[in-house]
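In: fold the following and give me the result.
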Amino acid sequence: MNEHVTLGRRLAAITLDWLACYAVVAALSGGIGQMSPNRSPSILALFYIEVLVLTMLQGASLGQKIFGIRAVRFVDGGALSPIHVFIRTTLLVIVVTALTYDHDGRGIHERLSGSILKRV
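Out: Below you'll find the predicted structure:
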């Protein structure tokens with residue numbers, strides 16, 4: 001479990017998570033045609049909850065699980081604590097922190113939470 005996760009795999013996983021949340025909100029709104037433009041906060045809230053809860057429970061969101069990646073502690077590759085997951089997820093929804101990478105392939109949200117994505 002020592003291979004870096006590519007940007008393409010990261011984007012595919014987060015896109016799948018977002019689309020899943022979009023589909024749930026659309027279904028609860030009566031369908032895509034019935035959704036009002038002000039549903040974006042609902043989608044973002046569901047996305048936040050989905051990523052937070054699934055990462056706490058299994059170390060990966062739905063999209064990450066499907067694309068074979070997992071969030072772990074940077075220092076030793078162990079499971080993240082709930083506070084690490086909370087920091088990581090909160091900063092993830094502030095998009096700029098997820099798009100700025102260092103030489104280890106970690107975004108700001110990962111550096112500040114002490115985490116990294118690894119292939120499984």
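In: tell me the secondary structure at the closest residue to Val5 other than its chain neighbours.
Out: On the basis of C-beta to C-beta, 6 or more residues apart in numbering, the spatially nearest residue to Val5 that is not a chain neighbour turns out to be Leu117, at 4.3 Å. The C-beta positions use only the backbone N, C-alpha and C, and glycine is treated the same way. Of the three states, Leu117 takes strand according to DSSP: H, G, I helix; E, B strand; the rest coil.
In: next one: Ala71
Out: Recorded secondary structure, Ala71: strand (three-state DSSP).
In: just give the number of residues close to Val75.
Out: The criterion is other C-beta atoms under 10 Å. On that basis, Val75 has 9 neighbouring residues.
In: and what of Phe67?
Out: 23.
In: what's the spacing between it and Leu16?
Out: Distance of Phe67 to Leu16, given as C-beta to C-beta, to the nearest Å: 7 Å.
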